[in-house]
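Novice: Based on what follows, work out the 3D shape:
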Amino acid sequence: MTNLSVSGVVALLLFVFCLPVFALDDFGEIDVYKLSGSSELNYSGYISLGFGWDSEDSNDYFVDLEVDLPSQIQFLFSANLYKSDVDFNADESKNYVVGLFNDPDEFWILGLEYDYYKEQNLYTIDAFRLTAGVNLGGWALKFIPQRRLINGEFRILNRMLTLAGTSTGYGGEVEYIGHDSWNLQLAYHKYQYEGNELFDRLLDLKPSQDNILLDRKRSILAGIEDNRWTFSTNYLFEWGSVGFDWVRSVGIGVSADIAFIYMLSVSTFVTESLAIDLDVGSLTVSNDNDYLIFSTLSLTYFW
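Specialist: Okay, the predicted model is just below:
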């Protein structure tokens with residue numbers, strides 16, 4: 001087992017606290033719905049159903065759920081199905097996330113998540129994430145260590161070989177949720193890997209140079225990368241909200257590529273308890289001249 005390096009943790013904490021904290025929830029998986037930055041929105045839960053597609057004719061189907069439990073505990077659940085069919089090669093991945101968090105208005109921020117990812121019949125990832133942080137009255141600082149168990153099955157010389165590897169990681173997030181309708185968030189996540197043979201095999205899964213965009217999209221969905229920067233901003237209007245997300249993802253391997261994601265989001269309430277969301281974005285990769293356009297449409301019900 002590879003422990004998180006002390007120098008890495010210290011560097012991350014220095015990075016976090018060097019940001020402006022004198023004025024003090026997430027473009028993570030399913031933390032807080034984008035319209036919940038307003039203190040005027042009081043609800044005990046929501047469910048969101050969505051559908052996505054991209055310029056390579058791949059489809060995404062997802063559901064997000066958040067429910068307030070007794071003792072000021074939040075239960076989070078997310079499920080995602082991704083399907084593509086390029087050059088008559090069908091591909092499918094599934095992702096499930098379950099989490100428990102305390103009240104986000106408390107001083108201490110605590111959360112635990114289990115994340116399961118399956119890439120067709122090739123490999124599975126079991127991830128466990130811990131979130132710990134502080135809420136400084138509008139500003140939130142979070143530290144997120146994680147441990148992943150990765151198992152893959154590959155055909156080598158006409159026989160099936162099972163390979164296993166582990167991954168540790170840590171992340172830092174700084175988020176501003178003020179009373180002026182703005183929501184800002186900056187996050188950094190770094191990953192370390194054990195079991196080089198497994199990850200060498202995962203890198204070899206790229207079918208051809210023509211499909212590098214879809215392959216990079218799958219690796220980002222699975223979180224198989226060296227590091228990731230994300231920036232998110234959201235502004236709340238009376239009718240809904242408009243947001244922008246930016247992601248910089250560095251792949252693993254000697255000649256690791258760098259992927260960039262840009263996404264614009266628009267959300268609006270159609271009734272007091274029903275909202276509709278539209279996201280449009282693009283994905284580009286450093287060693288490829290092409291780009292992938294994607295969009296999602298979802299319906300969210302609050303209660």
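
Novice: Let me see the ranges of the helices in the stretch 151-300 of the chain.
Specialist: Remark: helices assigned in the stretch 151-300 of the chain by DSSP state H, counting those that start in this stretch are 196-203, 212-222.

Novice: how many other residues sit next to T268?
Specialist: 15 (other Cβ atoms under 10 Å). In this view, the C-beta of every residue, glycine as well, is placed from N, C-alpha and C.

Novice: So, low pLDDT: which residues of the chain?
Specialist: Along the chain, the model assigns pLDDT under 70 to residues 1-41, 86-90, 154-157, 195-196, 199-211, 253-255.

Novice: And the strands in this protein, which stretches?
Specialist: 45-54, 59-69, 73-86, 89-102, 108-119, 123-135, 139-156, 159-177, 182-194, 227-236, 240-250, 258-269, 274-285, 291-302 (DSSP state E).

Novice: just so I know, which of those lies nearest I212?
Specialist: strand 274-285 (5.9 Å; Cβ to Cβ).

Novice: Now do the contacts for the closest residue in space to F101 that isn't next to it in sequence.
Specialist: Nearest in space to F101, with sequence neighbours left out and distances taken as Cβ to Cβ, 6 or more residues apart in numbering, is G111 at 3.8 Å. Contacts of G111 were listed using Cβ atoms under 8 Å, 6 or more residues apart in numbering, and they are G99, L100, F101, N102, R129, L130, T131, A132.

Novice: one more time with 10 Å, if that's ok
Specialist: The neighbours of G111, taking Cβ atoms under 10 Å, 6 or more residues apart in numbering as the test, are 28, 31, 73-74, 76, 99-102, 104, 129-133, 142, 144.

Novice: and if you look at Q146?
Specialist: Applying Cβ under 10 Å, 6+ apart, we find Q146 in contact with 4, 113, 115, 127-131, 167-171, 189, 191, 223.

Novice: how about stretch 111-128: buried residues?
Specialist: The neighbour-count check on stretch 111-128 (16 or more other Cβ atoms under 10 Å) flags G111, E113, D115, Y117, K118, E119, Y123, T124, I125, A127 as buried.
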